[in-house]
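S.K.: based on what follows, work out the 3D shape:
(one chain, ligands or ions: 2)
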Amino acid sequence: MIKQKVQDEINDQIQAEFQSAWLYLGFAAWFEAKNLDGFAHWMRLQWQEEQEHGMKFYDHILRRGGEVELQDIDKPSVTAENATEVFEKVLDHERYITKRIHSLYDLAKEEDDYPLQTLLHWFIDEQVEEEENTSAILERLEMIGEEGTSLYMLDRELAKRDDDS
Ligand SMILES: [Fe+2]
Ligand SMILES: [Fe+2]
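M.R.: Numbering: from 1, shown residues only. Ligands and ions are numbered 1, 2, ... in the order given. Next comes the predicted model:
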């Protein structure tokens, strides 16, 4: 069985993961509107990944005989002046998610919830990767600027990203 307090927090995390998915899908549309299809492709893969994250928590609750309680997803804030600003927002968001995962891990320890701790080990590693990938793109953008061919080159590169990266 799963403690109510823990279940509530996992349900909140399902919301946070689907909220992340919504943010990425919003930015996919943002890039698509600017014909930056490689960036849009990258954002769409993130959108899929975040849904998978949400479903990992969803399945975790159900496998332990708990109750999934879905919550509202807010309209994502996807206004940005340029691609650099998009990635700044994405990085801020991933850092926020990392903090959430760490707090959830603290709770799992306090409540002696061992299965949740094990699940969260995967998420702790995943967040390191998420921040690393996002920072790498942001650094590239800051280095090359957003004029003409350099942005196009990065777009072509991001178009090559496959499902498992
Ligand atoms: Fe996530
Ligand atoms: Fe993420």
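S.K.: residue of the chain nearest ligand 1, please.
M.R.: Per C-beta to the ion, His53 is where the chain lies closest to ligand 1, at 3.6 Å. For glycine as for every other residue, the C-beta is placed from the backbone atoms N, C-alpha and C.
S.K.: output the helix or strand of the chain with the lowest mean pLDDT in CSV with nothing but the alpha carbons.
M.R.: Least confident helix or strand, the chain: helix 148-158 with a mean of 91, by mean pLDDT, DSSP states H and E. Extracted in CSV, the C-alpha atoms of helix 148-158 (Å, rounded to 0.1, in the frame of the first residue of the first chain):
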residue,chain,number,x,y,z
GLY,A,148,21.1,33.4,-40.5
THR,A,149,23.1,30.3,-41.2
SER,A,150,24.3,29.5,-37.7
LEU,A,151,20.7,29.1,-36.4
TYR,A,152,19.9,27.1,-39.5
MET,A,153,22.8,24.7,-38.9
LEU,A,154,21.8,24.1,-35.4
ASP,A,155,18.2,23.5,-36.6
ARG,A,156,19.5,20.8,-39.0
GLU,A,157,21.5,19.2,-36.2
LEU,A,158,18.5,19.1,-33.8
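S.K.: adjust the sequence numbering to begin at 12 for everything that follows.
M.R.: Taking 12 as the first residue, the last one we looked at is helix 159-169.
S.K.: what residues of it count as buried?
M.R.: Across helix 159-169, burial judged by 16 or more other C-beta atoms under 10 Å covers Leu162, Leu165, Asp166, Leu169.
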